[in-house]
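1. using only what follows, build the 3D model:
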Amino acid sequence: MNILVVGGAGYIGSHVAGELLDRGHNVTVFDNLSSGLRENLLPGAAFIHGDILRYEQLRRALAETGAEAVVYLAALKAVGESMISPEKYSVNNITGTINLLNAAAETGFKYLIFSSSAAVYGEPVYLPIDEKHPANPENYYGFTKLEIERFLGWYDRLKGIRCASLRYFNAAGYDPRGRIRGLEQNPANLIPVIMETACGKRGELCIFGDDYDTPDGTCIRDYIHVSDLASAHALALDFISGNDRSITVNLGSESGSSVLEVLEGARRITGKPIPSRVTGRRPGDPARLTASAALAGELLGWKAEYSDLETLIRTSWDAYRAN
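-> The predicted structure is shown next:
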């Protein structure tokens, strides 16, 4: 299948593009390189330097590549920034999506895999979080993801564009085969921040609270390896194209690790002291967030294979050492 991977030079996008190439698809990456890296473009993938906010560039890319499907990963994703600059997130995430969907209607591609987020759920009402959990985002980034899912629902109904919305939990790790080494730019998630501290790029790790109702007092999160995310994108495309229906599924490991568990694992694997300091809680941080990925298993035959803590940290450290 001819597939356009929008945002395919980024951290997650480059792993998705690699997975699709491995499965024999014809892959073209469309990226403005604002956060993506040319070094993450794997052999076999074509590249178009373009921006989703420039409609004609996007429409031309879809037409010239004969794209039958799009994997859509081009979004701004910094939660804190989204609360300070919602206008920036409105333009990039929402206007960019409308451009993509209108280009789809014009050029005729029928399948779209969307990089959504567990941020659509907000504060958990129950755990583990499944797809029936209320969607009540607590930050503007999560709001844009939920609104995009609603747009997709309408274009499914009105234009017959079948979509898979994949709600990620906490992506981490790097390609176990070592093909992708370009590091995520300005990371805010725990594991890459720990890696930067281990490398000396940061002076210390700030632990936001150690008095939560968890075994060691620090927050517990569900970490999913980026290669497991990538395989889910390929399986989701197979599903929606083979069954002519749209789906929404969670992608998580179904287990959780605390901040201290991740930190101690990283100290052991890297052999670095990784200085840390406990600071105050961040507003809106729940004590625990874990996923139910049962629906992804049922519909897609997917399961997490690389999302154990050892592999998450080891593959991350391999990438950081290579840099």
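2. kindly list the longest helix within the protein.
-> Using DSSP state H, we find that the single longest helix of the chain is helix 140-159.
3. how does the protein divide into domains?
-> As assigned by automatic domain parsing, the chain contains the domains 2-172+223-251, 190-222+254-290+306-322.
4. which of those is buried the deepest?
-> Most buried of those, by mean neighbour count (mean count of other CB atoms under 10 Å): domain 2-172+223-251, with a mean of 20. From N, CA and C alone the C-beta is placed, and that goes for glycine too.
5. average pLDDT for that one?
-> Domain 2-172+223-251 carries an average pLDDT of 96.
6. and that domain, how far apart are its ends?
-> 25 Å (CA to CA, to the nearest Å).
7. thinking again about what came up before, nearest to Gly178, out of the domains of the chain?
-> Closest to Gly178 of the domains of the chain, according to CB to CB: domain 190-222+254-290+306-322, at 6.4 Å.
8. now the terminal residues of the closest one, how far apart.
-> Its first and final residues considered, domain 190-222+254-290+306-322 spans 20 Å by CA to CA.
9. distance between it and the chain's centre?
-> 18 Å (CA atoms, centre = their mean, to the nearest Å).
10. can you pull out the helices in the stretch 101-250 of the chain?
-> 140-159, 190-199, 226-243 (DSSP state H, counting those that start in this stretch).
11. how much does the longest one deviate in direction from helix 226-243?
-> The directions of helix 140-159 and helix 226-243 differ by 20 degrees, with axes from the mean of the first three to the mean of the last three CA atoms, to 10 degrees as the criterion.
12. pull the residues that contact helix 140-159.
-> Residues outside helix 140-159 that contact it (CB atoms under 8 Å, 6 or more residues apart in numbering) are 75-79, 82-83, 86, 89-90, 93-94, 97-98, 101, 104-105, 112, 114, 116-117, 119-122, 135, 137, 161-163, 165, 246, 248.
13. now do the same contact list for Gly209.
-> Contacts for Gly209 (CB under 8 Å, 6+ apart) come out as 217-219, 278-282, 285.
14. please verify my assumption that Gln253 contacts Ala304.
-> You called it Gln, but residue 253 is Ser. Yes - Ser253 lies in contact with Ala304 (CB atoms under 8 Å); the separation is 4.8 Å.
15. spit out the residues that contact those two alike.
-> Joint contacts of Ser253 and Ala304 (CB under 8 Å, 6+ apart) are 224-225, 228, 293.
16. list just the nearest of those to Lys272.
-> His225 (21.5 Å).
17. okay, and the beta partners of that closest one?
-> Taking DSSP bridges as the rule, His225 bridges to Ala172.
18. my guess is it contacts Leu309, does it?
-> No - using CB under 8 Å, His225 is not in contact with Leu309; the gap is 10.1 Å.
19. taking the shared contacts of Ser253 and Ala304, tell me the two that lie furthest apart.
-> By the measure CB to CB, His225 and Ala293 form the most distant pair in the shared contacts of Ser253 and Ala304, at 12.6 Å.
20. how about the strands of this structure, start to end?
-> According to DSSP state E, the chain carries its strands in the segments 2-6, 26-31, 46-49, 69-72, 111-117, 162-168, 170-172, 205-208, 220-221, 223-225, 247-251, 257-258, 276-279, 288-289.
21. distance to Ile191 for those strands - can I get that in JSON lines?
-> Converted to JSON lines, the strands of the chain look like this (distance: least, CB to CB, whole Å):
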{"stretch": "strand 2-6", "distance to Ile191": "24"}
{"stretch": "strand 26-31", "distance to Ile191": "23"}
{"stretch": "strand 46-49", "distance to Ile191": "28"}
{"stretch": "strand 69-72", "distance to Ile191": "23"}
{"stretch": "strand 111-117", "distance to Ile191": "17"}
{"stretch": "strand 162-168", "distance to Ile191": "14"}
{"stretch": "strand 170-172", "distance to Ile191": "4"}
{"stretch": "strand 205-208", "distance to Ile191": "11"}
{"stretch": "strand 220-221", "distance to Ile191": "10"}
{"stretch": "strand 223-225", "distance to Ile191": "7"}
{"stretch": "strand 247-251", "distance to Ile191": "16"}
{"stretch": "strand 257-258", "distance to Ile191": "10"}
{"stretch": "strand 276-279", "distance to Ile191": "14"}
{"stretch": "strand 288-289", "distance to Ile191": "15"}
